[in-house]
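> have a look; sequence and predicted model below, questions after that.
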Amino acid sequence: MIPYGRQDIGDEDIRAVLDVLKSDFLTQGPVVPRFEAAVAGQCGAAHAVAANSATSALHIACMALGLGPGDRLWTVPNTFVASANVGVYCGAEVDFVDIDPATYLMCPARLAEKLDRAEREGTLPKVVIPVHFAGQSCDMAAIGDLARRYGFRVIEDASHAIGARHRDRPVGDCAHSDICVFSFHPVKIITTAEGGLATTNDPGLAQRMELARSHGVTRDPALMDKSSEGGWYYQMVTLGYNYRMTEMQAALGLSQMDRLADFVARRNTLADRYDAMLDGLPLVRPVLGPANLSAWHLYPIQVEDRARVFGQLRASGIGVNVHYIPVHTQPFWQARGFGPGDFPVAEAYYARAISIPLYFGLTEADQDRVVEALRDAL
């Protein structure tokens, strides 16, 4: 079976993890800060805060921005459920903005229309989470302009997009957002097994995220309400969680960062080859937005009779998948008042969507096999 995505682990990665296992620290050691610095440096951001998953990073990002009961968070229905769930974790109301039919990303025009209505009704969001689906950036300049006009905060869900660029700037530099979150799940561009990270240029937000990921506990005298009682002393100054990344995860991620450019370049080569090989077939290929360099986490196509095509490809040994079932159609969200028909563009995309295999180690022979099976299925 050719999977739709998989990690690429080299000898250097294995040695990096073994070095940590032989060291004095398996957690809360020196490697996590080195990994954070490497990602911040690649993105051109001032700060980076690593966590044990991208979901955790999204949660502490919302916490750092003060999202809570009575507030509203907006995201897109074309995403994994975590992008919306973090709003519920904070006690906020969650709503969605439909996607652009060409790029499958948050549509700035629909966002502007929804914001205009919300302003009149007194229901503006506190936080908006655009999702860089499949590896390419949303139009962050347009979304940033709307944030300044309407006064909401922005968290980029860049779980798919480390190494991507928008208008010749790296995703994660937070030029048009408050915080940007990456995922390092094994099928992503680089991996830490499980893991996530948030970048920001705001030192206050970074400090609040660091507290939130580690029980709200600090040894920093500047954050305490009285003098330290000794070298053992700490204080819990806010409510937090145990969302820390381990040293082993960070070591793997730090090693993988050395190959980030190669990973992204290879994925772009494979995507270009798919573009050429699939030209003329009865399907819709993915489209890049203006001035975007995608990290190409996914190569999503649209086909008629999706269930039959999906089944035939799987039977042929092609491990296709579907990204994503619209969040608002899930039972949990239907119980909160959403349902089919609410966001028709995302629903129409989902009804025809298939993600075909794309990953660093995919060979051209494997890619030929994918395309041949797809031709047969179509």
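All right, it came through fine. Keep in mind it's a predicted model, so treat the numbers as computed, not measured.
> once you drop chain neighbours, what's closest to the residue nearest the centre of the chain?
Using Cα atoms, centre = their mean, the residue of the chain that lies closest to the mean C-alpha position is Ser159, 1.6 Å off. Once flanking residues are discounted, Ser159 sits nearest to Ser183: 3.5 Å by Cβ to Cβ, 6 or more residues apart in numbering. Backbone N, C-alpha and C define where each C-beta goes, glycine included.
> and the one you found, what is it in contact with?
53-54, 159-160, 195-196 (Cβ atoms under 8 Å, 6 or more residues apart in numbering).
> which sections of the stretch 51-200 of the chain are below the confidence cut-off?
Within the stretch 51-200 of the chain, no stretch has pLDDT under 70.
> what's the spacing between the residue nearest to Ser159 and Leu197?
Going from Ser183 to Leu197 by Cβ to Cβ, to the nearest Å gives 9 Å.
> overlap of the contact sets of those two?
The contact sets of Ser183 and Leu197 overlap at Ala54 (Cβ under 8 Å, 6+ apart).
> and which of the contacts of Ser183 is nearest to Val309?
Proximity of those to Val309 was ranked by Cβ to Cβ; the top entry is His160 with 23.1 Å.
> tally of neighbours for the closest one?
Using other Cβ atoms under 10 Å, His160 has 28 other residues around it.
> now it: which helix or strand?
For His160, there is no host helix or strand (DSSP states H and E).
> which residues of the stretch 151-300 of the chain fall in helices?
With DSSP state H, counting those that start in this stretch as the criterion, the stretch 151-300 of the chain has helices at 203-212, 247-257, 260-278.
> in the stretch 251-378 of the chain, which spans are strands?
Using DSSP state E, counting those that start in this stretch, the strands found in the stretch 251-378 of the chain span residues 292-293, 299-302, 318-319, 353-356.
> reformat those as a markdown table; add mean pLDDT.
Formatted as a markdown table, the strands of the stretch 251-378 of the chain follow (pLDDT from 0 to 100):
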| stretch | mean pLDDT |
| --- | --- |
| strand 292-293 | 96 |
| strand 299-302 | 98 |
| strand 318-319 | 98 |
| strand 353-356 | 98 |
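> which stretch among those strands comes nearest Phe96?
Comparing those by Cβ to Cβ, strand 353-356 comes nearest, at 17.1 Å.
> which other helices and strands contact the closest one?
strand 299-302, helix 306-315 (3 or more Cβ pairs under 8 Å, 6 or more residues apart in numbering; DSSP states H and E).
> ok, back up a step: what's the closest of the strands of the stretch 251-378 of the chain to Gly253?
Nearest to Gly253, of the strands of the stretch 251-378 of the chain and by Cβ to Cβ, is strand 292-293 at 21.3 Å.
> thought Ile179 was touching Leu205?
Yes. Under the criterion of Cβ atoms under 8 Å, Ile179 makes contact with Leu205 at 6.2 Å.
> what do the two both touch?
Taking Cβ under 8 Å, 6+ apart as the criterion, Ile179 and Leu205 both touch 61, 64-65.
> tell me the one among those nearest to Arg314.
Distances from Arg314 to the shared contacts of Ile179 and Leu205, taken by Cβ to Cβ, are shortest for Ala61, at 36.0 Å.
> which element is that closest one on?
In the assignment (DSSP H and E), Ala61 maps to helix 54-64.
> neighbouring strands - and their directions - for whatever helix or strand comes next after that helix?
Using DSSP H and E, the helix or strand that directly follows helix 54-64 along the chain is strand 72-75. Sheet pairing of strand 72-75 (DSSP bridges) gives strand 93-96 (parallel), strand 127-128 (parallel).
> ok, then the element right after strand 72-75?
Using DSSP H and E, the next helix or strand after strand 72-75 towards the C-terminus is helix 82-89.
> contact partners of stretch 360-368?
2, 6, 8, 262-263, 266-267, 270, 273-274, 277, 357.
> try 10 Å this time
Contacting residues not belonging to stretch 360-368 are listed as 2-9, 189-190, 259, 262-267, 269-270, 273-274, 277, 299, 318, 356-359, 369-370 [Cβ atoms under 10 Å, 6 or more residues apart in numbering].
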